[in-house]
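Trainee: This is the structure alone, sequence omitted:
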């Protein structure tokens, strides 16, 4: 096998640089992170295209030498560029995805704890109401008019 020619994917470089500049101007990223993203996008696309072109040309040559080499090289370059770009995109988002998973795990744990606490609170409230009803019944203050203490407030008529 011969050497792998690597080219600089100018379109990727320009588009990635443009995106990162917009993020920088909006204050949503830092210079070091932007430079890393541009380098990763460019290397992933360029490296993937170079490896894909070589493999595609090799496969195409095995099928139809000449024309197959050219078509396989072009198809391989496109597939390699896309694969390289997707791979670098996944690498760049790996820490975000890990943080999202950690958040979701913590949310699930806390939701369970809140549900348990709600159940305990409802149980304690019901027990307190029952205790109060028993205490009121012992004092003879239970019945339709004595369900709740009025604390000195009597209903008034507006008529």
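Mentor: Now that the structure is in, tell me what you want to look at. Everything numeric in this text was worked out from a predicted model, so none of it was measured.
Trainee: residue ranges with poor pLDDT in the protein?
Mentor: 1-6, 141-159 (pLDDT under 70).
Trainee: in it, which residue is closest to the centre?
Mentor: Among the residues of the chain, residue 100 comes closest to the average C-alpha position under C-alpha atoms, centre = their mean, at 4.7 Å.
Trainee: quick one: what helix or strand has that one in it?
Mentor: Using DSSP states H and E, residue 100 falls within helix 67-138.
Trainee: just how off-centre is that helix within its chain?
Mentor: 8 Å (C-alpha atoms, centre = their mean, to the nearest Å).
Trainee: which helices and strands does it pack with?
Mentor: Contact analysis of helix 67-138 by 3 or more C-beta pairs under 8 Å, 6 or more residues apart in numbering; DSSP states H and E lists helix 31-63 as its packing neighbours. All C-beta atoms are positioned from the backbone trio N, CA, C, and that covers glycine.
Trainee: The helix it packs on to helix 67-138, inter-axis angle?
Mentor: Orientation note: helix 31-63 sits at an angle of 130 degrees relative to helix 67-138 (axes from the mean of the first three to the mean of the last three C-alpha atoms, to 10 degrees).
Trainee: Which strands and helices lie in contact with helix 31-63?
Mentor: With contacts defined as 3+ C-beta pairs under 8 Å, 6+ apart, helix 31-63 has these neighbours: helix 10-25, helix 67-138.
Trainee: Distance from the chain centre to it, please.
Mentor: In terms of C-alpha atoms, centre = their mean, the centre of helix 31-63 is found 26 Å from the chain centre.
Trainee: picking that back up, could you check the angle the helix holding residue 100 makes with helix 10-25?
Mentor: Going by the same axes, to 10 degrees, helix 67-138 makes 30 degrees with helix 10-25.
Trainee: Use 12 as the first number for this chain going forward.
Mentor: With the count now opening at 12, the last piece we talked about shows up as helix 78-149.
Trainee: Neighbours of residue 60, how many?
Mentor: Using other C-beta atoms under 10 Å, residue 60 has 24 neighbouring residues.
Trainee: I'd say it and residue 88 touch.
Mentor: Yes. Counting by C-beta atoms under 8 Å, residue 60 does reach residue 88; the two are 4.6 Å apart.
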